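Engineer: Pasting the sequence and the predicted model now:
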Amino acid sequence: MSSITLHRAVLSGLLTGFASLTLAAPPATDGPIWVYRVRAGDTLVALQARLLAPGVGWQLLQQRNEIADPRRLPIGLALKIPVSALRARPVEAEVLFSHGEVELRRPGQAPRPLASGDRVADGDEILTARGSASAVLRFDDGSRLLVEPASRLRIEALTRRGASAYHESRLRLDSGGAEAKVTPSPAAPPRPRLQIRTPVVNLAVRGTEFRARIADDGTRLEVLSGRVAAGARAVPAGLG
């Protein structure tokens with residue numbers, strides 16, 4: 001088997017079930033809800049310190065769940081918490097595969113080659129050379145992203161909300177292309193999980209497979225499955 005054929009076979013395996021990209025505003029407090037089951041020793045004040053974002057008080061939990069005594073919580077009680085009220089903590093993405101000349105640029109450090117097994121975080125930039133250079137990233141929620149040759153990708157923010165399964169990944173693609181598949185959101189209604197900005201348009205998806213590439217005349221989008229929001233327009237599968 002030739003090296004090119006082998007390279008394509010490896011990428012095909014790694015990209016099984018690929019991603020979606022988007023830029024979305026933070027959800028309002030009347031948006032998606034996460035359910036927390038009360039454990040022994042829990043109080044609303046303790047849950048505020050552990051789970052809620054700065055500036056969000058325990059009174060929100062009391063009001064939203066109609067709790068008469070905030071100091072006494074029945075074990076097993078299902079507390080409904082708006083996702084937007086949960087504390088966001090930074091997470092990292094894993095480099096599943098790096099092939100060819102792929103460079104990692106991290107603030108305050110000298111550029112270095114990106115290797116399989118590396119982890120990338122907020123502020124990191126990934127640059128792939130022309131030819132067959134590429135990299136595959138796996139995000140904290142299982143979503144994956146292929147960075148194509150001749151691309152420049154910046155990681156703006158990778159976060160997880162509280163102890164929930166809600167993840168938000170915001171990226172910027174300045175040149176080249178990317179292909180992705182995002183793990184479906186557990187929110188109801190579903191929320192964008194992986195977000196991407198390009199110089200021309202913001203793309204947003206929910207558990208959708210697609211390809212995006214920056215060209216001289218703008219950003220080109222091909223939707224493989226699901227639906228992608230390109231600015232204010234929704235693009236269904238089979239179109240671009």
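Structural biologist: Received the coordinates, thanks.
Engineer: At the geometric centre of this structure, which residue sits there?
Structural biologist: For the chain, the residue nearest the mean C-alpha position is residue 169 (2.7 Å; Cα atoms, centre = their mean).
Engineer: who's in contact with that residue?
Structural biologist: Contact analysis of residue 169 by Cβ atoms under 8 Å, 6 or more residues apart in numbering lists 93, 139, 140, 141, 143, 155, 157, 158, 159, 193, 194, 195. Quick note: C-beta positions are derived from backbone N, CA and C, even for glycine.
Engineer: can you tell me which of those residues lies nearest to residue 43?
Structural biologist: For these, the minimum distance to residue 43 (Cβ to Cβ) is 25.9 Å, reached by residue 159.
Engineer: What pLDDT is listed against the nearest residue to that closest one once chain neighbours are set aside?
Structural biologist: In space, and not counting its chain neighbours, residue 159 is closest to residue 88: 4.2 Å by Cβ to Cβ, 6 or more residues apart in numbering. Confidence at residue 88, expressed as pLDDT, is 85.
Engineer: again, but for residue 193
Structural biologist: Value for residue 193, per-residue pLDDT: 69.
Engineer: For this structure, which segments count as helices?
Structural biologist: 3-14, 44-51, 58-65 (DSSP state H).
Engineer: Confidence-wise, which of those is weakest overall?
Structural biologist: Minimum mean pLDDT among the helices of the chain: helix 3-14, a mean of 46.
Engineer: returning to what we had before: ok, of the contacts of residue 169, which come out buried?
Structural biologist: 93, 139, 140, 141, 143, 155, 158, 159, 193, 194, 195 (16 or more other Cβ atoms under 10 Å).
Engineer: Lowest-confidence one in these?
Structural biologist: residue 193 (69).
Engineer: By mean pLDDT, flag the weakest helix or strand of the protein.
Structural biologist: Scoring the helices and strands of the chain by mean pLDDT, DSSP states H and E places helix 3-14 at the bottom, with a mean of 46.
Engineer: Could you count how many residues lie near the residue nearest to residue 159?
Structural biologist: As a burial measure, residue 88 scores 18 neighbours (other Cβ atoms under 10 Å).
Engineer: I figured it hits residue 170, correct?
Structural biologist: No. The pair residue 88 and residue 170 fails to qualify as a contact (Cβ atoms under 8 Å) at a distance of 11.2 Å.
Engineer: and residue 158, what does it touch?
Structural biologist: 90, 91, 92, 93, 121, 122, 139, 140, 167, 168, 169, 170.
Engineer: Sketch out the low-pLDDT regions of the protein for me.
Structural biologist: 1-31, 163-165, 184-193, 201-207, 226, 231, 236-240 (pLDDT under 70).
Engineer: doesn't residue 69 make contact with residue 62?
Structural biologist: No. Using Cβ under 8 Å, residue 62 is not in contact with residue 69, being 9.2 Å away.
Engineer: higher neighbour count, those two?
Structural biologist: With neighbours defined as other Cβ under 10 Å, residue 62 and residue 69 compare such that residue 62 has more, 15 against 8.
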